[in-house]
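J.: fold the following and give me the result.
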Amino acid sequence: MIQKFGDKGICHNSTHGTNAYDFSLKTSLIIDEFSQGIPAGWCLSSHEHFRTMTIFFKEIKKDYRLLKSRFFISDMVAQFFNAWIAVMGDQRPAKLLCTWHVDEA
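T.: Numbering: from 1, shown residues only. Modelled structure (predicted):
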């Protein structure tokens, strides 16, 4: 699915404060032909640093090669987008912000 639809765009989100151990679940989604999000990768970690996200995206790239997405949606933190650019190369998808996070801010 990621090879078929990954060029449309990537959505990346993270859970916050959902367990007592301070772990968060980071999920990367692709958008299918019905505009539905399909999980393409998961990362369970206690950190959301640039380095952690770079490792996660390298694992996605290892399985799916280079993804040239038109857009990248995430919350307002910079490390998700910056790690994506660092791993996936020179292509710069349009950076969009998740509307839920914008409304909350």
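J.: run through the protein and note the low-pLDDT ranges.
T.: For the chain, applying pLDDT under 70 flags the ranges 66, 90, 101.
J.: what are the ranges of the strands in it?
T.: Counting by DSSP state E, the chain has strands at residues 10-14, 24-31, 37-45, 71-74, 94-97.
J.: packing partners of the longest helix along the chain?
T.: Counting residues, the longest helix found in the chain (DSSP state H) is helix 50-64. If you count contacts as 3 or more C-beta pairs under 8 Å, 6 or more residues apart in numbering; DSSP states H and E, helix 50-64 packs onto helix 2-5, strand 24-31, strand 37-45, helix 78-88. (Glycine included, C-beta is placed from N, CA and C.)
J.: how about the most far-flung residue of the chain relative to its centre, phi and psi?
T.: If you look at how far each residue of the chain sits from its centre, by C-alpha atoms, centre = their mean, the farthest one is Ala20, at 23.8 Å. Main-chain torsions, Ala20, degrees, to the nearest 10: phi -80, psi -10.
J.: again, but for Val77
T.: Per-residue torsions, Val77: phi -70, psi 140 (degrees, to the nearest 10).
J.: grab the most central residue of this protein for me.
T.: For the chain, His12 is the residue whose C-alpha lies nearest the centre (C-alpha atoms, centre = their mean; 2.8 Å).
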